[in-house]
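> build me a structure from this.
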Amino acid sequence: MNKNVTQNSIIAHFLKVFGGKWKFLIIYYLNQQPQRFSNLEKKLVFISRKVLVDQLRILENEGLIIKEEFVSKPPKYVKYSLSDCGKELVPHIEGIVLWSEKYFPEIKRISALD
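Got it, this is the predicted structure:
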């Protein structure tokens, strides 16, 4: 297979998985510690419940997070944590954050000129 086609496919899949605003934030909170759904909901108050559920489902389907269901005498609850694959992603997200902190003021200044 053509190397460019393979790289394009990988990049396209990455963008499909991480498109949108919330997945990196979800990974950020899960990197701190495993989180119950209700805790994530409280931390991400600007995300609707439906969007949060959808984002968590995508991350789980991609193997980046693990969903555990606990059944105790009511209530039942769900806890999310990073998979090994998700943990390996964290340093790269931190790199993006450092890059953003360094260049965001300049990007913002330039885009204000448009």
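> and Leu25, how many neighbours?
16 (other CB atoms under 10 Å). Glycine gets a C-beta too; all of them are placed from N, C-alpha and C.
> over to Ala12?
10.
> give me the element it is part of.
helix 3-18 (DSSP states H and E).
> identify the residue nearest the spatially most central residue of the chain in space, chain neighbours excluded?
Central residue of the chain (CA atoms, centre = their mean): Lys23, 2.4 Å from the mean position. Nearest in space to Lys23, with sequence neighbours left out and distances taken as CB to CB, 6 or more residues apart in numbering, is Gln55 at 5.7 Å.
> from Glu68, how far off is that neighbour?
17 Å (CB to CB, to the nearest Å).
> show me which of those two is the more surrounded one.
Higher neighbour count among Gln55 and Glu68: Gln55, with 20 against 11, using other CB under 10 Å.
> which strand or helix spans that one?
With DSSP H and E as criterion, Gln55 is part of helix 49-61.
> likewise Ile107?
Using DSSP H and E, Ile107 falls in helix 84-113.
> that helix to helix 3-18, inter-axis angle?
Helix 84-113 and helix 3-18 are oriented at 90 degrees to each other (axes from the mean of the first three to the mean of the last three CA atoms, to 10 degrees).
> helix 84-113 packs against which elements?
helix 23-32 (3 or more CB pairs under 8 Å, 6 or more residues apart in numbering; DSSP states H and E).
> buried stuff in the helix it packs on?
Buried residues in helix 23-32, counted by 16 or more other CB atoms under 10 Å: Lys23, Leu25, Ile26, Ile27, Tyr29, Leu30.
> could those residues go into TSV alongside pLDDT and distance to Ile96?
Below are the buried residues of helix 23-32 laid out as TSV (pLDDT from 0 to 100; distance: CB to CB, whole Å):
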residue	pLDDT	distance to Ile96
Lys23	93	12
Leu25	92	12
Ile26	95	15
Ile27	95	11
Tyr29	95	16
Leu30	97	16
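> what's the closest of these to Arg49?
Nearest to Arg49, judged by CB to CB, of these is Ile26 at 13.5 Å.
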